[in-house]
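In: Here is a sequence together with a model predicted from it:
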Number of protein chains: 2
Amino acid sequence: MLHWPRRFRASWGGNVDVRVETPDQPAIVPISRHTLHGELVERLRDMIIEGRLAPGSRINEGPLGTSLGVSRTPLREAIKFVASEGLIELVPGRGAVVKAMTPNDVREMLQVLTGLEVMAGRLACLAASAGQIAELRVLHNAMMAFYASRNRLEYYKCNQAIHTGIARLSGNAFLAAQHEAIQSRLKRIRFLGNEGPSKWAGAVAEHEDMIIALEARDKDRLAAVLTAHLERTWDRVCDTL
Amino acid sequence: MLHWPRRFRASWGGNVDVRVETPDQPAIVPISRHTLHGELVERLRDMIIEGRLAPGSRINEGPLGTSLGVSRTPLREAIKFVASEGLIELVPGRGAVVKAMTPNDVREMLQVLTGLEVMAGRLACLAASAGQIAELRVLHNAMMAFYASRNRLEYYKCNQAIHTGIARLSGNAFLAAQHEAIQSRLKRIRFLGNEGPSKWAGAVAEHEDMIIALEARDKDRLAAVLTAHLERTWDRVCDTL
DNA sequence: TTGGCGCATTCTGCATACAGGGCACTTGTC
DNA sequence: GACAAGTGCCCTGTATGCAGAATGCGCCAA
């Protein structure tokens, strides 16, 4: 009855990584087999983070589906997926509601994010290669350049990438994934939080300490800096809530 | 066109908490409005954790749906939900595959779990009330009784409840939720890990230290005990993988 | 004028239907 | 005998249909 193999190639785990070889281009980018499901999940996440779907508002499947050009079925599946991530709340008989985060939610999430990042930072001081740390320094310098030119959006992207990078340098992929998941949920709020030049300058100074501590592989110092940075992130953010 | 309110009562967030007041029963338990979706999610999780759906095997929607008495649509939505939790992997064009955890995955998850639990323990020492700690002691004593009577399943349930309890005592609901999510993913493996009397005895001794440190609100000691306990959990578990 | 009740609209939840694709088995050829 | 192409089954992915429930509006009565 069931005539497929019990196990599949390891390459099927996660994203497809089909690689085609040609004489001209030895390194081919993997074919991004964009599934409708994946596409919808990303679109939903973006719409929520960007505020196009207002916190607390209901998600009306019919109109949203037609406006995205898909039927309700894949949309509903994507909604369930995102709901499991915590950005959407499922209310029985009422459908999906964009989760409105209370200030306390944000505080709690920042606390956990701090814990994970400190853990990652400690591990990174032990495990990261010099090259990896150098890459982060490059990113940091780029960020400083964007700060100098007051390019807030690009600055912010670098900022996030640095935090994600520290999590990756821990060598613990699961830790990095958890960190990234929480960070993405706080994306919108943290972006809004850095408004005002004094706040921004403070964050930049903390980042400078961060990269220095990492380069020195001073894990206690890095932990202290990260803790302070994220505590002050809370301060920066909490009055905008 | 859209004629529902922008915001809903706060009580609609999360579970339904309708409370009916009667003279006899002042405290009424909330109506557990079991949705098919929620039911299916739990069933799927249980089937995976209990090993009824073998790691690495495909989930055949048709037969599984009929055996559960539901159509494919709600089942698929539940699969997507559980996939977002990490227990199931979605393979384009091939459906859902029960995620097979490598030993390294388990190690990484245990490392994160340790970090979260240590964080929670430190917070619990500061935030928990005496009554809450006393409740944990009751649970601990119950666990010791199950150990004495060699009731491994009930022992294990108490054990999990204690760890969950510490996470809850942190006062950080998000932290507790994250902790619980990871713990549930490791449920099966940790249960298998405590086989053999010597391993079991070791775990029990560590738990004794744990509750004592918590009662003394000695956060550094509790952190050390938790770290050691979970490191040894890895030792206990890793040769069964 | 205000509160309550009933009705109609619209949405959700679930089932079913259908198209496309993958996998295994079979058959033909070397 | 082995390998390759063909074929058919079954499964996934998506659309659609339908029943039940929730919501908003209007009407009626106090």
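Out: Arrived safely, thanks for sending. What you see is a predicted model, and the numbers here were worked out from it, not measured in a lab.
In: Tell me the residues on chain A that lie near DNA strand C, please.
Out: When proximity is defined as Cβ under 7 Å from any atom of the strand, chain A approaches DNA strand C at A:3-5, A:58-63, A:72-73, A:76, A:90-96. (C-beta placed from N, C-alpha, C; glycine too.)
In: how many other residues sit next to the residue in chain A that chain B sits nearest to?
Out: Using Cβ to the nearest Cβ, the closest approach of chain A to chain B is made by A:S84 at 3.4 Å. Neighbour count for A:S84, taken as other Cβ atoms under 10 Å in any protein chain shown: 19.
In: just A:R58 next, same as before
Out: A:R58 - counted by other Cβ under 10 Å - has 19 other residues nearby.
In: State the distance from it to A:V82.
Out: Per Cβ to Cβ, to the nearest Å, A:R58 is found 14 Å from A:V82.
In: just A:C158 next, same as before
Out: For A:C158, the distance to A:V82 - Cβ to Cβ - is 26 Å.
In: now A:E208
Out: Relative to A:V82, and taking Cβ to Cβ, A:E208 is found at 36 Å.
In: Tell me which of those two has more neighbours.
Out: It is A:V82, of A:E208 and A:V82, that has more neighbours when counted by other Cβ under 10 Å, with 26 against 12.
In: In this model A:D46 seems to touch that one, though I could be wrong.
Out: No. At 10.6 Å, A:V82 does not count as touching A:D46 under the criterion of Cβ atoms under 8 Å.
In: how about the strands in chain A?
Out: A:58-59, A:88-91, A:95-98 (DSSP state E).
In: Tabulate those strands in a markdown table, adding columns for mean pLDDT.
Out: Shown next, in a markdown table, are the strands of chain A (pLDDT from 0 to 100):
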| stretch | mean pLDDT |
| --- | --- |
| strand A:58-59 | 96 |
| strand A:88-91 | 96 |
| strand A:95-98 | 96 |
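In: Which one, of those, ends up nearest to B:T35?
Out: strand A:88-91 (8.0 Å; Cβ to Cβ).
In: Direction included, what does that closest one pair against?
Out: strand A:95-98 (antiparallel) (DSSP bridges).
In: Just the CA atoms of the strand it pairs with, as PDB, please.
Out: Extracted in PDB, the C-alpha atoms of strand A:95-98 (Å, rounded to 0.1, in the frame of the first residue of the first chain):
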ATOM      1  CA  GLY A  95     -10.400  33.000  13.200                       C
ATOM      2  CA  ALA A  96      -7.000  34.600  13.400                       C
ATOM      3  CA  VAL A  97      -6.100  37.800  15.300                       C
ATOM      4  CA  VAL A  98      -2.800  39.600  15.000                       C
END
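In: In that strand, which residues are buried?
Out: A:A96, A:V97, A:V98 (16 or more other Cβ atoms under 10 Å in any protein chain shown).
In: Tell me the one of those nearest DNA strand C?
Out: Nearest to DNA strand C out of those is A:A96 (Cβ to the nearest atom of the strand; 6.7 Å).
In: longest helix in chain A, by residue count?
Out: helix A:103-127 (DSSP state H).
In: Provide a list of residues in contact with A:A205.
Out: Contacts for A:A205 (Cβ atoms under 8 Å, 6 or more residues apart in numbering or on different chains) come out as none.
In: measure it to A:I212 for me?
Out: Taking Cβ to Cβ, one finds A:A205 at 11 Å from A:I212.
In: before we move on, the earlier item: does the longest helix of chain A reach chain B?
Out: Yes. Helix A:103-127 lies within reach of chain B by Cβ under 8 Å from any Cβ of the partner chain, at A:D105, A:E108, A:M109, A:Q111, A:V112, A:G115, A:L116, A:M119.
In: How many neighbouring residues does the third one have?
Out: Put plainly, it is A:M109. 21.
In: Spatially nearest residue to it (excluding sequence neighbours)?
Out: Nearest residue to A:M109, sequence neighbours excluded (Cβ to Cβ, 6 or more residues apart in numbering or on different chains): B:F174, at 5.3 Å.
In: quick one: that neighbour and A:L113 touch, right?
Out: No. Using Cβ under 8 Å, B:F174 makes no contact with A:L113, being 9.7 Å away.
In: So for these two, which residue has more residues nearby?
Out: Set side by side, B:F174 and A:L113 show more neighbours around A:L113, with 24 against 21, by other Cβ under 10 Å.
In: can you pull the contacts of A:E206?
Out: A:E206 neighbours (Cβ under 8 Å, 6+ apart): A:V225, A:A228, A:H229, A:R232.
In: Highest neighbour count among those residues?
Out: That'd be A:V225 among the contacts of A:E206, by other Cβ under 10 Å, with 22 neighbours.
In: thinking it is in contact with A:E208, fair?
Out: No. If you go by Cβ under 8 Å, A:V225 and A:E208 don't touch, sitting 9.4 Å apart.
In: could you point out where chain A is predicted with low confidence?
Out: A:1-33, A:193-195 (pLDDT under 70).
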